[in-house]
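Trainee: Need a 3D model of the sequence below.
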Amino acid sequence: MIPVYPVDMIRKADAETIRRQGISSWQLMERAARACFDFLAENEPEAFEPASGQKPLAKPAESAGLAAPPQSAETAEESCPQSIAEGKGIAGAECPGKRQASRCPKFVIFCGRGNNGGDGFALARMLKERGCPVEVWMPDKKEGRFSPDAGRNAQLMQEKNVPSRIFGQDGLPEIRKEDILIDALVGTGLEGRLDEATAAVVEFINTCCGTKYSIDIPSGLMADKPTPRENPVVENSLCLSFQFAKKAFLWPENGGRPAGFVLLDIGLDEDFMRENPADAYLLQDRDAARNLPRRPKFAHKGFFGRDLLIAGSLGMAGAAVLAGRAALKSGCGVLSIASCPDNRLVLQTAVPEALFIDQTQIDWAKLTFCSAIGIGPGIGTSEHAVRLLKNVLQFCQVPLVIDADGLNILARNPTLLEFLPKGRCILTPHLKEFERLAGKASGSPERLRRQQEFSDRYGAVVVLKGAHTSISQPHAPGIRATGGAIPGQALLFNTTGNPGMATGGSGDVLTGLCLSLLGQGLPAWQAACTAVYLHGLAGDYAALHCTEHAMTAADIIASLPDAFRQISLQTHHDASIPGFAVFS
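Mentor: Numbering: from 1, shown residues only. Purely as a prediction, here's the structure:
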């Protein structure tokens, strides 16, 4: 798991790294610039070809998970139109042009006065030393002081004869479609709106075609709180963030700012990270791999859970089908589906591996045969459905996952929340369902605070679904993760999934995954984290096979084997943050 620190903790990590490793702040800046250089060298190989352009240019590397620059049959124009293009993507996909094989891309770096600009100056020097075409745009030194390290790197850059231009004096750069724009204007120290001069540069960048990268954070974006949409921010860039993600990357209010982010290892002190647990972490493959239930050679089907899914009402059999298939596709040993009698034929045809139980004929006294219970998808909110949930809460002695209509019933009957099995219950609301349970929040920071408070009060693991699903658990002993123990009150953010999963039935698939992993013996916290990660990863494979536009919830289920295969290949030893990891 990767810590998500606020800005003040990142600064402390920098300071402690400098002190403990006996280096200077300038040397740490060199590490940061070198990490950016190495990433660009691997992922933008055309820009590292000889400037003569006599050799054919290679296609961009996609091994890091980056979207390749967009391709078009037309010849790229000499310069971009000064208008915001309509496309979307992680990096460079905002412009439908193509880089010409006959011309080498040029790096155009926009630098500010602070340390973020210092990273840009150092990167420009390294690119020049490599022989890459590079041009720097910077403020006039006469109009304001540079930070010490930024000033030193600006001087070193100029000694290497890197072409540099002054904002406001030399007009605006001419950006071609094949060029690569680097945003190094303003870093994590921003607390409000950009000044007028910097905002004008940002707005110019947003009108340009070409691949865009932001160093550490998009200029104009505040790191620790949502940024108003009217504030100028560099849009649709891939952010090369140092060591840690920023909270702002994970909030829906900042959608598209950045379009994606990469975590670059700059060697910050690992002891500091162990000694200073964060209040939020990012999930990774290896975290899901550690929790994946083992399959003993001599085990039988009962060893992998005898689960009960209470789902579906008249006209809502599909919810039960999707949740049931997902449970069986994720390792459940024996599954029983309790639904209304009208759904018997559909369920026994669509999910033949499952046993059918008439909802009106459940023997509640015999629920002890279950390893785990899931309730909610498609059951409705009728009096009958309310009685179903009340009986589950009264007789349930096993782990429980509640979703969809089950959550709506809880919201309408809040006294039932007191009867949730403490520490053994998973709730999986989307935004509106959570608001019905916990009230409307003013923004992401307040919503996440309410999520944790809700977990603490009712003893439940809460999975708040979204682009970066957040998972909270009630205060509990720490769990083992990369870099040490994570406090029970820490929020976890998911890093898998895509907009194609915003389709009917996707949540039912997650319910089935949670149910299956609970039944296989995982505690609620680990089951929720693993299910969420696998669910998103299967969605990513489904998008790869079907595209985001054409995928359905059934495609997510069909892609679960790919997701399980990927995390099964992960090593289980603790490791430091990788050289880089890409999140969109």
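
Trainee: Could you use CA atoms for every contact and neighbour count after this?
Mentor: Fine.

Trainee: need the helices for the stretch 101-250 of the chain, in chain order.
Mentor: If you assign secondary structure with DSSP state H, counting those that start in this stretch, the helices in the stretch 101-250 of the chain sit at 115-130, 148-159, 196-207.

Trainee: what does stretch 189-199 rub up against?
Mentor: Taking C-alpha atoms under 8 Å, 6 or more residues apart in numbering as the criterion, the residues outside stretch 189-199 that touch it are Val7, Leu185, Gly220, Leu221, Met222, Ala223, Asn231, Pro232, Val233.

Trainee: Filter these down to the buried ones and express that as a PyMOL selection.
Mentor: Below is the selection syntax for PyMOL that covers the buried ones among the contacts of stretch 189-199, with 16 or more other C-alpha atoms under 10 Å defining burial:
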select buried, resi 7+185+220+221+222+223+232+233
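
Trainee: same for the lengthiest helix in the chain, what does it pack against?
Mentor: Ranked by residue count, the top helix of the chain under DSSP state H comes out as helix 524-546. If you count contacts as 3 or more C-alpha pairs under 8 Å, 6 or more residues apart in numbering; DSSP states H and E, helix 524-546 packs onto helix 285-291, strand 425-427, strand 460-464, helix 506-519, helix 553-558, helix 560-568.

Trainee: hmm, back to that, now render the helices of the stretch 101-250 of the chain as a markdown table, adding distance to Gly504.
Mentor: Conversion of the helices of the stretch 101-250 of the chain to a markdown table gives the following (distance: least, C-alpha to C-alpha, whole Å):
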| stretch | distance to Gly504 |
| --- | --- |
| helix 115-130 | 43 |
| helix 148-159 | 51 |
| helix 196-207 | 34 |
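
Trainee: Point out the most buried one among the ones you listed.
Mentor: Using mean count of other C-alpha atoms under 10 Å, the stretch among these with the greatest mean number of neighbours is helix 115-130 (a mean of 25).

Trainee: sec struct for the residue nearest the centre of the chain, please.
Mentor: Closest to where the C-alpha atoms of the chain average out (C-alpha atoms, centre = their mean) is Thr495, at 3.1 Å. Applying DSSP: H, G, I helix; E, B strand; the rest coil to Thr495 yields a three-state assignment of coil.

Trainee: wait, isn't it in contact with Leu283?
Mentor: Yes. Under the contact definition of C-alpha atoms under 8 Å, Thr495 touches Leu283, with a separation of 6.2 Å.

Trainee: which neighbours do the two share?
Mentor: Jointly contacting Thr495 and Leu283 under the rule C-alpha under 8 Å, 6+ apart are Tyr533.

Trainee: okay, the angle between the longest helix of the chain and helix 560-568?
Mentor: In terms of direction (axes from the mean of the first three to the mean of the last three C-alpha atoms, to 10 degrees), helix 524-546 departs from helix 560-568 by 120 degrees.

Trainee: Sort out which residues of helix 524-546 are buried, please.
Mentor: 524-543.

Trainee: Stretch 544-560 too?
Mentor: Of the residues in stretch 544-560, those buried by neighbour count under the rule 16+ other C-alpha under 10 Å are Glu548, Met551, Thr552, Ala553, Ala554, Asp555, Ile556, Ile557, Ala558, Ser559, Leu560.

Trainee: cool, and stretch 440-451?
Mentor: By neighbour count, with 16+ other C-alpha under 10 Å as the criterion, the buried positions of stretch 440-451 are Ser444, Pro445, Arg447, Leu448, Arg450, Gln451.

Trainee: so Val351 touches Gly324, yeah?
Mentor: Yes. Between Val351 and Gly324 there is a contact under C-alpha under 8 Å: 7.0 Å.

Trainee: Of the two, give the one with the bigger neighbour count.
Mentor: A direct count of neighbours by other C-alpha atoms under 10 Å for Val351 and Gly324 places Gly324 higher, at 33 against 19.

Trainee: Looking at the contacts of stretch 189-199, which one is closest to Leu410?
Mentor: Proximity of those to Leu410 was ranked by C-alpha to C-alpha; the top entry is Ala223 with 35.2 Å.

Trainee: Identify the residue nearest the closest one in space, chain neighbours excluded?
Mentor: Counting by C-alpha to C-alpha, 6 or more residues apart in numbering, Ala248 is the residue found nearest to Ala223 once chain neighbours are left out, at 5.1 Å.

Trainee: That neighbour and Ser147: what is the separation?
Mentor: In this view, Ala248 and Ser147 are 25 Å apart by C-alpha to C-alpha, to the nearest Å.

Trainee: Looking at these two, which one has more neighbours?
Mentor: For Ala248 and Ser147, the more surrounded residue by other C-alpha under 10 Å is Ala248, and the numbers stand at 23 against 16.

Trainee: can you tell me how far that one sits from Gln452?
Mentor: Applying C-alpha to C-alpha, the value for Ala248 to Gln452 is 18 Å.

Trainee: do the same with Ile166
Mentor: Using C-alpha to C-alpha, one obtains 48 Å as the distance from Ile166 to Gln452.

Trainee: Then Ile180?
Mentor: Using C-alpha to C-alpha, Ile180 is found at 41 Å from Gln452.

Trainee: Same check on Cys425?
Mentor: Taken as C-alpha to C-alpha, the span from Cys425 to Gln452 is 15 Å.

Trainee: Settle it for me: which of the two has more neighbours?
Mentor: It is Cys425, of Cys425 and Gln452, that has more neighbours when counted by other C-alpha under 10 Å, with 26 against 22.

Trainee: ok, so what distance separates that one from Leu417?
Mentor: With C-alpha to C-alpha as the criterion, Cys425 and Leu417 are 11 Å apart.

Trainee: One more: Met157?
Mentor: Distance of Met157 to Leu417, given as C-alpha to C-alpha: 62 Å.

Trainee: And for Arg274?
Mentor: With distances taken as C-alpha to C-alpha, Arg274 is found 36 Å from Leu417.

Trainee: how about low-confidence regions in the stretch 101-250 of the chain?
Mentor: For the stretch 101-250 of the chain, the stretches with pLDDT under 70 are 101-102.

Trainee: Could you rerun that using 90?
Mentor: The stretch 101-250 of the chain contains residues with pLDDT under 90 at 101-104, 140-144, 168-172, 209.
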